[in-house]
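Visitor: Pasting a predicted model and its sequence here:
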Amino acid sequence: MRPVRFVALGDSLTEGVGDPVGDRWRGWAELLAPGLAPGDEPVRFTNLAVSGAQTRDVLERQTPAALALEPDIVSVVIGVNDTLRYTFDIHSVAERLDTVYAAFRARDTVVLTACLPDPGSMLGLPGALARPLARRQHAVNAVVHALSKRHGAMHLHAAEEDWLHDRAVWSADRLHPGELGHRQLALRFHALLAEEGVADGITPSAEAEFPAPTRTASLLWLATAGTGWVARRCTDLLPQLLTLAASEVRHRARGTSARLDLSASHAVASALAALSAAEQPDVA
């Protein structure tokens, strides 16, 4: 019997950061995998997600490796790291995701996508720093939503659900889900797939298998590994983020913050329009 082949692409969220099992990460995709087929049918799960990955990594490295595995189902959950880089460009993000989705749909692979909460609000950054990141993440979410519809992907709206505001579902770093958060993602993806008749296996459990990290453990992480994480991101992003924050403050003082939102919306519309134009055949 040929197993159901499920391949997960993406960054640390899909790698499973925040959901440790022994000396490795588990995560929502691994929790979802057994529920993709009835108990007597095998599921072959491969996780190609890598912490820190951006849309370029998914396009250039992960997608070719995934296509070689001939998956029946593939998850492509990516974009947050793009928003945390000074090189962020919504046109490039849209082009890469369009290419990735098209490559799998051309082989009739079921594609799973998701829109995600912005990192600024998850980290509790001050408004002037959080709003530029939120604007970027909203742009990525808008692109993912539009392209998912265009390519017939199965899209999970995971950006503004109530459970996201429950501190218990987040890990010590406040950016990655903990075990409960990964279980919530697995549950919601399974419900989406089951509704469409794609998943007919057991529903992932919502109950935690391991105790949540203590406050002491969380503080220890923030003082050690967390410091390194922030330092690595700040080296790349902080100079531009401070510039964006200064612009945010100026526009708020002038009462023109709406212009920043409008500019971001225009950029998304332009990126999607460019993709549509590229698909149109030339007329002599």
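Guide: Received it, and whenever you're ready, just let me know what you need. Numbering: from 1, shown residues only.
Visitor: From now on I want contacts and neighbour counts done on CA atoms only, so please keep to that.
Guide: Fine.
Visitor: hey, where'd the helices end up in the stretch 151-284 of the chain?
Guide: Listed in chain order, the helices of the stretch 151-284 of the chain (DSSP state H, counting those that start in this stretch) span 179-195, 215-223, 225-254, 257-279.
Visitor: where does Ala153 fall, phi/psi-wise?
Guide: phi -80, psi 160 (degrees, to the nearest 10).
Visitor: Excluding chain neighbours, what is closest to it?
Guide: Val111 (4.9 Å; C-alpha to C-alpha, 6 or more residues apart in numbering).
Visitor: residues contacting the one you found?
Guide: Val111 makes contact with Ile73, Val74, Ser75, Val76, Tyr101, Phe104, Arg105, Gly152, Ala153, Met154 under the criterion C-alpha atoms under 8 Å, 6 or more residues apart in numbering.
Visitor: Of those, which belong to helices?
Guide: Tyr101, Phe104, Arg105 (DSSP state H).
Visitor: pLDDT score for the nearest residue to Val169 once chain neighbours are set aside?
Guide: In space, and not counting its chain neighbours, Val169 is closest to Gly181: 4.3 Å by C-alpha to C-alpha, 6+ apart. Gly181 carries a pLDDT score of 92 in this model.
Visitor: Repeat that for Ser218.
Guide: 65.
Visitor: out of the helices of the stretch 151-284 of the chain, which comes closest to Pro132?
Guide: Closest approach to Pro132 among the helices of the stretch 151-284 of the chain (C-alpha to C-alpha): helix 225-254, 6.5 Å.
Visitor: Report the mean per-residue pLDDT for that closest one.
Guide: Here the average pLDDT along helix 225-254 is 71.
Visitor: Ok, stretch 137-156 next?
Guide: Throughout stretch 137-156, pLDDT has a mean value of 97.
Visitor: which of the residues in it are buried?
Guide: By neighbour count with 16 or more other C-alpha atoms under 10 Å, stretch 137-156 contains the buried residues 137-148, 153-156.
Visitor: what's next to that stretch, contact-wise?
Guide: By C-alpha under 8 Å, 6+ apart, stretch 137-156 touches 79-80, 83, 90, 93-94, 97-98, 101-102, 105, 110-119, 188-189, 192-193, 264-265, 268, 272.
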